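S.K.: Compute the structure for the input listed below.
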Amino acid sequence: MAFSKFSSFRWYYTLNICSTNILIMVMHEYIRKSLTIDCEAVTNYIVERIREYLEFSNKKGGVIGVSGGADSAVTATLLAKATDNFFILLMPSSSTPKIDLEDSFEMIKFLNAQNKYKLINIDEIVSLFSNKIETNNKYVIGNIKARVRMIILYAYAQMLDYLVVGTGDKSELLLGYFTKYGDGGVDVLPIGDLYKTQVRMLGKCLGLPERIVTKPSSPALWEGQTAEGELGIDYETIDSILYLRFDEMRSEDEIVKMLGIPIDTIKKVDRLVKISQHKRLPPEIFRLSGRAINSDWRFPRRWA
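M.R.: Numbers count the residues shown, from 1 in each chain. Below is the predicted model:
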C-alpha cells in the first residue's frame, strides 16, 4: 500500500478523563474500510462454527457469562442462534456498575432467555479467597473475581454437559487484556478473530440495544475501571495499530507515517502484545516424541 493513500494530517487528540490522558484517534478511512465486515456472512460462519465445535466436542450446548457489554452480548446472541441449548450466568460483584446489570437483564429479555439464566453475586466467594491469602490489593482481587467466575461457569458446564463459551475479542486477546484462567479460561472464542470495532459493527447488525453496543469496554474488576482508561488509548487507535502491525505486518515507522500518531503509542501496543504471548498459548509441552500434545493436536476431531 503506497504511503500516498495516507494523509500526513494527525488524526488524533488527547482527552483527559478522570485524571487519565487517553489518546483518541479518528479512524482513517483506509482502516475503516479494511475492518468493515459482511455482517450476514460473519454471523452465518460463526453460528455454523459454534454448531460444528459443539458436535466435534460431543457437548450438548454452551454456557456463557453475560456482563452487559458488547462482547458478551454479541457472543450470547450468536450462541443462541447456533443452539437452543444455551445457559447464561450473570455474576456481578460490588464493583459491577448498576447499568451493566440492567443491560445484562436487557440481553436476557432480548434473547428470550428468562428460563435460561442464573444470577450469582460473587462478593462472598471473593472475600473468602482474599481473606485467606490476606490481601486487599485491587489487582489481585480483580483477578480473583475473574477466576471465580471461570470456576462457576465450568461448574455449570459440567452439570449441563455444555462447553464454556468465551467472549474475548481479537483486540483484547492480542493486548493480553484478560485474566489468564479467568475470562481467558474458556473452551471456545467465537469472536476471537474480530477486533473490538468489528464486534460493535456486528452488534449493530444483530439489532442489539445501542447502549450496549456503544458502551465503553470494562471488565469492572474494580470500581471505575475502563479498558480505554487503563490502556490510555481508545479502541479505534488500538485496532488501527493492531491491524496494520499484525494483519498487514507493517513496521512501526510505516505506521507512524501512515497514521501520524506518536511512535511511543505504537511501541506501547507492540509491547503489550509481546509480553502477553504466554497468555494466548496453552502450557508449553517439551516435545520428546513424534507427536506432542498441543503442538500437533489442536482441534477436536472425529476419532476413527
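S.K.: Identify the single longest helix in the chain, thanks.
M.R.: helix 138-160 (DSSP state H).
S.K.: next helix or strand past that helix?
M.R.: Toward the C-terminus, helix 138-160 is succeeded by strand 162-164 as the next helix or strand (DSSP states H and E).
S.K.: chain center to that following strand: distance?
M.R.: Strand 162-164 sits 17 Å away from the centroid of its parent chain (Cα atoms, centre = their mean, to the nearest Å).
S.K.: Centroid-nearest residue for the chain?
M.R.: The structure's the chain has its C-alpha centroid closest to residue 168; by Cα atoms, centre = their mean the separation is 2.2 Å.
S.K.: what residues are up against that one?
M.R.: By Cβ atoms under 8 Å, 6 or more residues apart in numbering, residue 168 lies in contact with 71, 178, 183, 184, 186, 189, 191, 192. Where C-beta positions appear, they are placed from N, C-alpha and C, glycine not excepted.
S.K.: ok so, going back, report all helices and strands that the longest helix of the chain contacts.
M.R.: Contact partners of helix 138-160 among helices and strands, from 3 or more Cβ pairs under 8 Å, 6 or more residues apart in numbering; DSSP states H and E: strand 61-65, strand 86-90, helix 123-132, strand 162-164.
S.K.: Test for you: state the pLDDT assigned to the residue nearest to the centre of the chain.
M.R.: Reading off the per-residue confidence, residue 168 sits at a pLDDT of 97.
S.K.: For it, pull up the helix or strand it's in.
M.R.: Secondary-structure element containing residue 168, defined by DSSP H and E: none, the residue being outside all helices and strands.
S.K.: again, but for the one 5 residues further on
M.R.: Using DSSP H and E, the secondary-structure element containing residue 173 is helix 170-175.
S.K.: Pull the residues that contact that helix.
M.R.: Residues lying outside helix 170-175 but in contact with it, judged by Cβ under 8 Å, 6+ apart, are 71, 177-178, 189, 191-198, 217, 227, 231, 235, 238-239, 242, 246, 269, 272-273, 276, 280.
S.K.: Got a quick ChimeraX command for the buried subset of those?
M.R.: Applying 16 or more other Cβ atoms under 10 Å to the contacts of helix 170-175, the buried members can be selected in ChimeraX as follows:
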select :71,177,178,189,191,192,194,195,196,197,198,217,227,231,235,238,239,242,269,272,273,276
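S.K.: Filter the contacts of helix 170-175 down to the ones in helices?
M.R.: Among these, the members falling in helices are 71, 196-198, 227, 231, 235, 238-239, 242, 269, 272-273 (criterion: DSSP H).
S.K.: Lowest-confidence entry in these?
M.R.: residue 227 (66).
S.K.: before we move on, the earlier item: what is the nearest of the contacts of residue 168 to residue 94?
M.R.: Residue 94 has its nearest neighbour among those in residue 183, at 18.1 Å by Cβ to Cβ.
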